[in-house]
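Asker: pasted the sequence and its predicted model underneath.
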Amino acid sequence: MSIDRCQILDLPKIQDPRGNLTFIEGGIHVPFDIQRVYYLYDVPGGSERGGHAHKQLHQFIVAMSGSFDVVLDDGKDKKRVHLNRSYNGLYVCPMIWRELDNFSSGAVCMVLASTKYEEDDYYRDYAEFMLARWSK
Ligand code: TYD
């Protein structure tokens, strides 16, 4: 799994004088079925979230409001992605260490996930993640 697979995906945007509309269908606009949605909000300035990797989980991260950065690390390369639009998002494949920081005030980070919450799917220790990454 490489950070090259983690890309910004554009979403449909229906423009209307009454306001714009964007929609996301699992398997069509994101490359997995959507089993769970969660969101981060009221994030204090200077906070960092994430700091883990997932074994099997696919995710799609959208800045519904405001902005923040996602730092991706596949154990070899790193990249920082700035998200600040609600008509696109970042696809994150399994086995990628991610950190979220640089939250603007009022930022809302929505995450679509391919499975229900399972703590066993997490690597929360970077050394353990690296060991698993390089033994595959
Ligand atoms: P965590 O995934 O560590 O948050 P983040 O990566 O955004 O910093 O989750 C924080 C806590 O919330 C942790 O105790 C697990 C719990 N949690 C759930 O119960 N269900 C969920 O869907 C998520 C994402 C987290």
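Answerer: Okay, I see it.

Asker: next, find the distance separating the residue in the chain sticking out farthest from the centre from the ligand.
Answerer: Residue distances from the centre of the chain (C-alpha atoms, centre = their mean) peak at Pro17, which lies 30.0 Å from the mean C-alpha position. With distances defined as C-beta to the nearest ligand atom, to the nearest Å, the gap from Pro17 to the ligand amounts to 36 Å. (Glycine included, C-beta is placed from N, CA and C.)

Asker: which parts of the chain sit against the ligand?
Answerer: Applying C-beta under 6 Å from any ligand atom, one finds that the chain approaches the ligand through Arg36, Tyr38, Leu40, Arg49, Gly50, His52, Tyr117.

Asker: residues contacting the second one?
Answerer: I take that to be Tyr38. The contact partners of Tyr38, taken as C-beta atoms under 8 Å, 6 or more residues apart in numbering, are Met110, Val111, Ala113.

Asker: in three-state terms, label the most centrally placed residue in the chain for me.
Answerer: Taking C-alpha atoms, centre = their mean as the criterion, Ile61 is the residue nearest the geometric centre of the chain, at 3.4 Å. Under the three-state scheme (DSSP: H, G, I helix; E, B strand; the rest coil), Ile61 adopts strand.

Asker: where along the protein do the helices fall?
Answerer: Counting by DSSP state H, the segments of the chain that form helices are 126-134.

Asker: low-confidence regions, this protein specifically.
Answerer: Counting by pLDDT under 70, the chain contains low-confidence residues at 136.

Asker: strands along that one, start to end?
Answerer: Using DSSP state E, the strands of the chain run over residues 8-10, 36-40, 49-54, 59-65, 68-73, 78-83, 88-92, 97-101, 108-113, 122-123.
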